[in-house]
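1. no sequence on this one, just coordinates:
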């Protein structure tokens, strides 16, 4: 299309309520097709942008072979990158932070194992081996690894639907280890295949609602320990739990309630102090261990186990026993462990591991590779499943304490692990008299922070549909179950995406007076329509899912425009201009859309403005290509199109006269 110039067009004063518009003369620039590329080159670019947006191989370019080997080893084992430069100064910081998070990890490990319906000792096992694996493979300096409340809750609730942890504890333990293996396998596969974008389908609204609902369910479940109830429901819903609580009032123990209330208030006060003053983070971090020590001494001194207060009992001493012989890869429960591993793997990556690592990396201005982190966490869980551990990830509470305590490297995880090892070898008899009610109070204090009311209010202000998604996740978890609530929320989120794809936004553009800028007339009140033109902007790719809708919607724009023209006796519609800057791609149906739409236009002209490279390429290869090669069919901007076509209209009018 050769450059040309346009003249001026002034609207008739006789037109009802139309303001006079003058289209300035301007140069019309040619729309050129993109450079030719082979199918292989296009596929290579697309795959690279999909799976390797960070271009991890760029550091190897131009390097000698020896350097490439070193960089490759450092990429796989990040410890080789920072390890050679490690110093005593760094170790002083790491040992303080490691001991600090160990004081939190020990009581939390025991508590979360109880939450997952597993022996308490498994929680300590899971705080010993996984941190060592992560220290070698992980790239975050602040992530503190161990069991987390949500993964524990999901694991326990999903497995308990088919197997009772009290009637068949060995099978339940085998299923837990096998689920951990599949969670790790799934996580490592996502990282290795660079499919981390899959976990992005869990939106922020979904996670906020899910976490709040899960926090309430977890807290309600602790009423068994806080009230001293012996016979308690195995269901997770709000109604069954409250029904169980009030149907068993005869089992309530005032001694247990008194102890639980005192320690719960103490833990909440400690948490409040740490939230108000960041420098006092150690108050909240150390309070669970203080509670465990004090409650254990009180129970031991007053023989409270004989007065209605249940205790943990004797725990096995020694390091993690191997458990690879306990993994079940066949039988009737295989589907259950695969599903449980999938769900716990995704949740522990999305809500805790990757998100936490990126958060603290941003605070310290360093980069965390999400795919490497998924591989590290996945391998950590695979190894853990063979060493009597259940699902672990980067815990937010422990990572926050680790960060505030001044952790410099992943050695803080090693220090924590060594501290847990010493506990497993020498200190286990001290936990024999620890009351279960204190563990329940620790869990309630830990999960209450998952209820993020300010974030929920922010979602309500920004997007009502997202608030609906969040509410469905919350109510589904509360009234149905953890996994069903999550499934409902994910389903509604996907429905939103499908709706946006199948019903793309199309807006009418008008001219900002005195400029060649065209904007949405419903957004900019000064924007004015151009007589004889219908200017529309399509703001989405055109494909098989939305091409029929777009055709119907644009034809309705035309009908409404013509009806208004007849009513107001304005200039008839001569051109429909489609602004296509936001149309990033089209498929075969998209090409057919233009062909069918052009036929439906009758004597009106169809003009495309700023079609992108892929759109131009596919139009050129189609039968409809010739229709868009004429000088008056393709323009670079809406202003140039209106100016050029207005000049054409004026010339034709002069010839008729």
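-> Perfect, thanks for sending it. Here the structure is a predicted model, which is why all the values come from computation and not from measurement.
2. mind listing the helices for the stretch 201-350 of the chain?
-> Secondary structure of the stretch 201-350 of the chain (DSSP state H, counting those that start in this stretch): helices located at 204-221, 223-227, 238-247, 254-276, 281-302, 334-347.
3. tell me the most buried of the ones you listed?
-> Ranked by mean neighbour count, the helices of the stretch 201-350 of the chain are led by helix 204-221 with a mean of 24 (mean count of other C-beta atoms under 10 Å). (Each C-beta comes from the backbone N, C-alpha and C, glycine too.)
4. after the lowest-mean-pLDDT helix or strand in the chain, which helix or strand is next? Please name it.
-> For the chain, counting by mean pLDDT, DSSP states H and E, helix 354-364 ranks last in confidence among helices and strands (a mean of 67). Toward the C-terminus, helix 354-364 is succeeded by helix 370-385 as the next helix or strand (DSSP states H and E).
5. could you list the paired strands of the next helix-or-strand element following that next one along with their orientation?
-> Scanning forward in sequence from helix 370-385 by DSSP H and E, the next helix or strand is strand 393-394. Looking at strand 393-394 with DSSP bridges, its partner strands are strand 145-146 (antiparallel).
6. and for the partner strand, what's in contact with it?
-> Residues outside strand 145-146 that contact it (C-beta atoms under 8 Å, 6 or more residues apart in numbering): 105, 108-109, 126-127, 130-131, 134, 138, 380, 392-395, 398, 413.
7. got it, and stretch 469-489?
-> 153-154, 157-158, 203, 205-210, 212-214, 216-217, 236-239, 343, 347, 456, 459, 492-493, 496.
8. compute the first-to-last residue distance for it.
-> Stretch 469-489 has an end-to-end distance of 6 Å (criterion: C-alpha to C-alpha, to the nearest Å).
9. for that stretch, buried residues please.
-> Within stretch 469-489, the residues scored as buried using 16 or more other C-beta atoms under 10 Å are 469-478, 480-483, 485-486, 488-489.
10. which residues does residue 378 contact?
-> Contacts of residue 378 (C-beta under 8 Å, 6+ apart): 183-191, 345.
11. which one of those residues is nearest to residue 644?
-> Proximity of the contacts of residue 378 to residue 644 was ranked by C-beta to C-beta; the top entry is residue 190 with 51.5 Å.
12. once you drop chain neighbours, what's closest to that closest one?
-> Computed as C-beta to C-beta, 6 or more residues apart in numbering, the closest residue to residue 190 that is not its neighbour in sequence is residue 374, at 5.0 Å.
13. ok, the one you found touching residue 185?
-> No: using C-beta atoms under 8 Å, residue 374 is not in contact with residue 185, being 11.5 Å away.
14. who's more crowded, these two?
-> Taking neighbours as other C-beta atoms under 10 Å, residue 374 and residue 185 compare with residue 374 leading, 26 against 19.
15. any idea how far residue 193 is from that one?
-> 10 Å (C-beta to C-beta, to the nearest Å).
16. let me know the closest of the contacts of residue 378 to residue 324.
-> residue 184 (12.8 Å).
17. contact partners for the closest one?
-> Going by C-beta under 8 Å, 6+ apart, residue 184 touches 341, 345, 377-385.
18. mind giving me the domain ranges of the protein?
-> Domain ranges of the chain: 12-36+503-656, 39-81, 91-244+334-426+453-497, per automatic domain parsing.
19. quick one: which of those is nearest residue 311?
-> With C-beta to C-beta, the closest approach to residue 311 among those belongs to domain 91-244+334-426+453-497: 10.8 Å.
20. quick one: end-to-end distance for the closest one.
-> Domain 91-244+334-426+453-497 end-to-end distance (C-alpha to C-alpha) = 48 Å.
21. so how far is it off the chain centroid?
-> With C-alpha atoms, centre = their mean, to the nearest Å as the basis, domain 91-244+334-426+453-497 stands 14 Å off its chain's centre.
22. with stretch 435-452 instead?
-> Chain-centre distance of stretch 435-452: 25 Å, with C-alpha atoms, centre = their mean.
23. buried stuff in it?
-> Buried residues in stretch 435-452 (16+ other C-beta under 10 Å): 435-447, 449-452.
24. so for residue 370, which of the helices of the stretch 201-350 of the chain sits nearest?
-> Of all the helices of the stretch 201-350 of the chain, helix 334-347 sits nearest to residue 370, with 13.7 Å by C-beta to C-beta.
25. quick one: list the elements packing against the closest one.
-> If you count contacts as 3 or more C-beta pairs under 8 Å, 6 or more residues apart in numbering; DSSP states H and E, helix 334-347 packs onto helix 149-160, helix 169-192, helix 482-502.
26. okay, the angle between the longest one and helix 370-385?
-> It refers to helix 169-192. Taking axes from the mean of the first three to the mean of the last three C-alpha atoms, to 10 degrees, one finds helix 169-192 and helix 370-385 inclined to each other by 160 degrees.
27. what mean pLDDT does the longest helix along the chain have?
-> Longest helix of the chain, by residue count under DSSP state H: helix 88-115. When pLDDT is averaged over helix 88-115, the result is 87.
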